[in-house]
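Chemist: mind looking at a prediction? Sequence and model below.
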Amino acid sequence: MIAKSTTTVINTAIQKCNSLSHIKQIQSHLISSGFFQFSPSSRFKLLELTAISSYGNLSYATLIFNYINNPSTFDWNPIIRGYAQSSTPQIALTLFISMLRASQKPDAVTCSFALKACARALAKFEGYMMHSFVIRSGFMLDLLLQTTLTDLYCKVGEFGDARKVFDEMPERDVASWNALICGLAQGGFPNEALELFHRVCRMGMKADDVTVLGALSACSQMGVLKEGDKVWCYVKKERLDLKVIVCNAVIDMYCKCGFVDKAYDVFRSMSCEKNIITWNTMVMGFAMHGLGVEAIELLNEMDCVGVCPDPITYLGVLCACNHAGLVEEGHRLFNSMEEKGIVHNVKHYGTVVDLLGRAGRLNEAYEIIKSMPISPDIVLWQTLLGACNTYGNVELAEIASQKLVEMGSDSCGDYVLLSNVYASYKRWNEVGRVREVMNIKDSKKVPGFSYTEVGGVLHKFINGDQSHPCWRAIYAKLDEIMYRIKEHGYVSGTRFVLHDIGEEDKEYVLCYHSEKLAVAFGLLTTSHETPIQVIKNLRICVDCHAVIKLVSKVYNREIIVRDRARFHRFKEGTCSCRDYW
DNA sequence: TTAGGGTTAG
């Protein structure tokens, strides 16, 4: 028997560990003194520290664990927890099964780690098995497990089951609400997430930092400024702005709602210390708004105040140069990364290829791809192909298309671009051949949709959509728009339509793109001085861009479109992207 | 002796 006071001394020493070598010293002391075998609490502390602390080492923790004769639940728990939060969470589930085979009984804590592992591994089937195990073990009344289950079902996309677990909870605390709010926000249901946030506030429950993170993410996705403002007021009232993670989310929200100035105000007036994510979010915000010079200035400021940029900072700055057309600066920054100790990743290559490609420097872009020490991905070849389409480079377009086929890309956009390049040289035989392959492959297109907020209600439009209650009026308005802008020189850009249909029909397909429907609806339902705000899931197409520019002039209306890549602010016939996107 | 919910990315 070991005296309790001795155990306390040992455990205090373990807690003071701050390096792996320190852990090893303690371990050897525990083994030689017999504590490893006879003091379960010391062994637990040692395992926990080795498996989950920042200076620990999971492989080493596994070595220690394998040294234990007949491990107890208290020995299994820290090792399962360690793997659950590692990059290989599926190992935690294998260990959970090994534990059952070794006839050790998992407790509610073991289950919480196993559920976490399922969520991180997106293991839906194993998640259902674990849920059943939790019920059979009699742990279903555990509030923490119910919350973990709610989170798990959201992460694997089973929102119905998440809702069921949540609705059946006898009592809920703020973390349970957060699991559902954040789960819905991250799972593509921002509207529902925001509604729940308001419900939490109405119930008089104190929303905490995690709740507002979920709400802010929802506002960012939908681009709803008024809602975002409300959350920001709540954040200030509850002093949640003392948390850097919350400020970062607020900056991101204002950028994505189209108000980079407000984001910058928050960035400048933060009362807590900025972290690298704060800087990166602001840089990315500038990029999104085509403010290349501002992004570069921020990078320089980081250098002045001694903050080390990371690969994401450089990605943001390169992206900003790309959107602002700062070709030389972007190219120079890309080349300077190595001396700053930052290794180029595939996204950096993607951005610089885009940058050079848009500037017509196709051969340089291709040389960069050829010199890459890592494999180019599908997006990168698509970027080059896009530039080939713009500049009519058949030779490189064929190379990029061939690579895309080899890589198994089945995006119909690839075929459209290649056939457009052939079409621009009137090489109709090749156009026909590409179209044929495209039909055989039955390439799928991601459906485009846009939404706009009018009177606090979000209206969603899909290409060619007739589901909106006012669709007849919207289509009539669009006909009027097309008629009026044609008087100002608009010619339909039918070469961007994919389908093999007659010219008139092509015009029809283009005409009812979701962003045009949203703009027509905005013109119908909002007053003259209100800017129309539209959010699109894909990049805006060339034809819609041309149409909206003219609409902003003919109807004298400001129109702001956030597409997948950036913001376009249309005013008096021009766009803030200067047609460079 | 141990558990739940979380911000940036072509």
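Modeler: Alright, I've got the coordinates.
Chemist: spit out the contact partners of the nearest residue to residue A:393 once chain neighbours are set aside.
Modeler: Distance criterion CB to CB, 6 or more residues apart in numbering; nearest residue to residue A:393, sequence neighbours excluded, is residue A:362 at 5.3 Å. C-beta: built from backbone N, CA, C; applies to glycine. With contact taken as CB atoms under 8 Å, 6 or more residues apart in numbering, residue A:362 is in contact with A:356, A:384, A:387-388, A:391, A:393, A:396.
Chemist: now the residue of chain A found nearest DNA strand B: how far from residue A:256?
Modeler: As assessed by CB to the nearest atom of the strand, DNA strand B sits closest to residue A:350 within chain A, at 2.1 Å. Residue A:350 sits 21 Å away from residue A:256, taking CB to CB, to the nearest Å as the criterion.
Chemist: those helices in the stretch 351-500 of chain A, which residues are they?
Modeler: Assigned helices in the stretch 351-500 of chain A, in chain order: A:362-371, A:378-391, A:394-406, A:412-424, A:428-441, A:471-486 (criterion: DSSP state H, counting those that start in this stretch).
Chemist: is stretch A:91-105 in proximity to DNA strand B?
Modeler: No. In this structure, stretch A:91-105 remains apart from DNA strand B according to CB under 7 Å from any atom of the strand; the gap is never smaller than 11.2 Å.
Chemist: gap between that stretch and the chain center?
Modeler: Per CA atoms, centre = their mean, to the nearest Å, the displacement of stretch A:91-105 from the mean C-alpha position of its chain is 34 Å.
Chemist: run through who's touching it.
Modeler: Residues external to stretch A:91-105 that are found in contact with it (CB under 8 Å, 6+ apart): A:70-73, A:76, A:79-84, A:86, A:106, A:110, A:113-114, A:116-118, A:121, A:123, A:126.
Chemist: filter those residues down to the buried ones, ChimeraX style.
Modeler: Selecting the buried subset of the contacts of stretch A:91-105 in ChimeraX, with 16 or more other CB atoms under 10 Å as the burial test, is done by:
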select /A:71,76,79,80,81,82,83,84,86,106,110,113,114,116,117,118,121,123,126
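Chemist: just checking: which of the contacts of stretch A:91-105 also lie near DNA strand B?
Modeler: Residues shared between the contacts of stretch A:91-105 and the neighbourhood of DNA strand B are A:73, A:81, A:113, A:116 [CB under 7 Å from any atom of the strand].
Chemist: is it true that the last one touches residue A:84?
Modeler: Yes. Counting by CB atoms under 8 Å, residue A:116 does reach residue A:84; the two are 4.6 Å apart.
Chemist: and the stretch 251-400 of chain A, which residues reach DNA strand B?
Modeler: The interface of the stretch 251-400 of chain A toward DNA strand B, taken as CB under 7 Å from any atom of the strand, is made up of A:252, A:275-278, A:280-281, A:284, A:311-312, A:315-316, A:319, A:322, A:346-347, A:349-351, A:353-354, A:377, A:379-380, A:383.
Chemist: number of residues surrounding residue A:364?
Modeler: 15 (other CB atoms under 10 Å).
Chemist: could I get the pLDDT score of it?
Modeler: Model confidence at residue A:364, expressed as pLDDT, equals 95.
Chemist: residue A:85 now?
Modeler: Note for residue A:85: predicted pLDDT of 95.
Chemist: related to what we said a few turns ago, right, and the helices of the stretch 351-500 of chain A - which one's nearest residue A:565?
Modeler: Each of these was scored for nearness to residue A:565 using CB to CB, and the closest is helix A:378-391 (11.6 Å).
Chemist: in that closest one, what counts as buried?
Modeler: Of the residues in helix A:378-391, those buried under the neighbour-count criterion (16+ other CB under 10 Å) are A:380-391.
Chemist: pull the most distant pair out of those residues.
Modeler: A:380 and A:391 (17.2 Å).
Chemist: just the strands in chain A please.
Modeler: Taking DSSP state E, the strands of chain A run over residues A:449-454, A:457-462, A:532-536, A:559-562, A:567-571, A:574-575.
Chemist: redo these as a markdown table? Include distance to residue A:268, mean neighbour count and mean pLDDT.
Modeler: What follows is the strands of chain A, written out as a markdown table (distance: least, CB to CB, whole Å; neighbours: other CB atoms under 10 Å; pLDDT from 0 to 100):
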| stretch | distance to residue A:268 | mean neighbour count | mean pLDDT |
| --- | --- | --- | --- |
| strand A:449-454 | 28 | 22 | 89 |
| strand A:457-462 | 31 | 17 | 89 |
| strand A:532-536 | 25 | 25 | 93 |
| strand A:559-562 | 23 | 24 | 94 |
| strand A:567-571 | 21 | 22 | 94 |
| strand A:574-575 | 28 | 18 | 93 |
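Chemist: please tabulate the ones you listed in TSV, including the columns distance to DNA strand B.
Modeler: Below are the strands of chain A laid out as TSV (distance: least, CB to the nearest atom of the strand, whole Å):
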stretch	distance to DNA strand B
strand A:449-454	19
strand A:457-462	20
strand A:532-536	14
strand A:559-562	12
strand A:567-571	12
strand A:574-575	18
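Chemist: okay if I get those as a markdown table plus distance to residue A:130?
Modeler: Output for those, formatted as a markdown table (distance: least, CB to CB, whole Å):
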| stretch | distance to residue A:130 |
| --- | --- |
| strand A:449-454 | 35 |
| strand A:457-462 | 36 |
| strand A:532-536 | 37 |
| strand A:559-562 | 39 |
| strand A:567-571 | 43 |
| strand A:574-575 | 51 |
